[in-house]
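> Model the structure of this input:
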Amino acid sequence: MSKTDKTVDLKSKIRRIPEFKGVVFWDITPLLKDKVCFRECIKQLADHYRGKPIDVIVSNEARGFIIGAPLAYELGVGFVPIRKKGKLPYKCVDLTYKKEYESDTIQIHQDAIEKGQNVLIIDDLLATGGTVKANIELVEKLGGKVASLGFLIELAYLGGRKALGSKHDIYSLIELKTTNP
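Numbering: from 1, shown residues only. Below you'll find the model as predicted:
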């Protein structure tokens, strides 16, 4: 079975919620509960990154953890969480950034990334790019080098890839080009 065939199968497990908090919401829980599809998405992401110079995976809470942690395990690299302010127990580096409708503050432990480490940032979704830009900034504040940005789903119609620019390698397992399935 080719990657395209598998991607179509994975895509069919993503539920479209037309009106959730004012936006079209793409629900990955049907994919996650299907053990074959969940395993397949982690396998495909791992196959894409296997052999590339990656020291650690960084993911933003909460859905990023669902993809990032098993991918780190599969690739045999460390996993670093980025969390909302007040959720991490040790000394942190903070960053406040603007989202579509509000501001948010995220944190990473100050010793989570060593200078020069190659970092793969993984999240479940690339939409407008705001959250991943904040993740990049935190990683770079600690001296990490962003090796790549990876996503389970990319909402291409929102222009996140363009907003991130061409500085970073970007890989998305599933691309949705429209708000319709």
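> partners of the lengthiest strand in the chain, with directions?
What stands out as the longest strand in the chain, according to DSSP state E, is strand 145-155. Strands flanking strand 145-155 in the sheet, each with its direction: strand 118-126 (parallel), strand 170-176 (parallel) (DSSP bridges).
> Save the ones you listed as JSON lines, and put in mean pLDDT too.
Shown next, in JSON lines, are the strands paired with strand 145-155 (pLDDT from 0 to 100):
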{"stretch": "strand 118-126", "mean pLDDT": "97"}
{"stretch": "strand 170-176", "mean pLDDT": "95"}
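> and of these, who's closest to residue 137?
Of all these, it is strand 118-126 that lies closest to residue 137, at 10.9 Å by Cβ to Cβ. Where C-beta positions appear, they are placed from N, C-alpha and C, glycine not excepted.
> if we can go back for a sec, go through the strands paired with strand 145-155 and pick out the most buried.
strand 118-126 (a mean of 24; mean count of other Cβ atoms under 10 Å).
> lowest average confidence, helix or strand, in the protein?
Every helix and strand of the chain was ranked by mean pLDDT, DSSP states H and E. The lowest is helix 3-11, at a mean of 58.
> Which element is encountered next along the chain beyond the longest strand of the chain?
Going down the chain from strand 145-155, the next helix or strand is helix 160-164, by DSSP states H and E.
> Which residue lies nearest the spatial centre of this structure?
For the chain, the residue nearest the mean C-alpha position is residue 123 (1.1 Å; Cα atoms, centre = their mean).
> what is the mean pLDDT for stretch 138-156?
Across stretch 138-156, the average pLDDT comes to 97.
> Pull out the buried positions in that stretch.
Buried residues in stretch 138-156, counted by 16 or more other Cβ atoms under 10 Å: 138-139, 142, 144, 146-155.
> For burial, what's the neighbour tally of residue 127?
The local packing of residue 127 (other Cβ atoms under 10 Å) involves 21 other residues.
> shift numbering so it begins at 17
Right, with 17 as the first residue, what we last looked at is residue 143.
> do you know how far it is from residue 97?
20 Å (Cβ to Cβ, to the nearest Å).
> Have a look at the chain and report its longest helix.
Counting residues, the longest helix found in the chain (DSSP state H) is helix 51-65.
> Check which element follows it along the chain.
Immediately after helix 51-65, counting by DSSP H and E, sits strand 72-76.
> who are the neighbours of that following strand, in terms of helices and strands?
If contacts are counted by 3 or more Cβ pairs under 8 Å, 6 or more residues apart in numbering; DSSP states H and E, strand 72-76 sits against helix 79-91, strand 94-100, strand 134-142, helix 146-157.
> Span of stretch 113-128 from start to end?
20 Å (Cα to Cα, to the nearest Å).
> cool, stretch 119-138 as well?
End-to-end for stretch 119-138, by Cα to Cα: 21 Å.
> Equivalent analysis for stretch 87-96, please.
12 Å.
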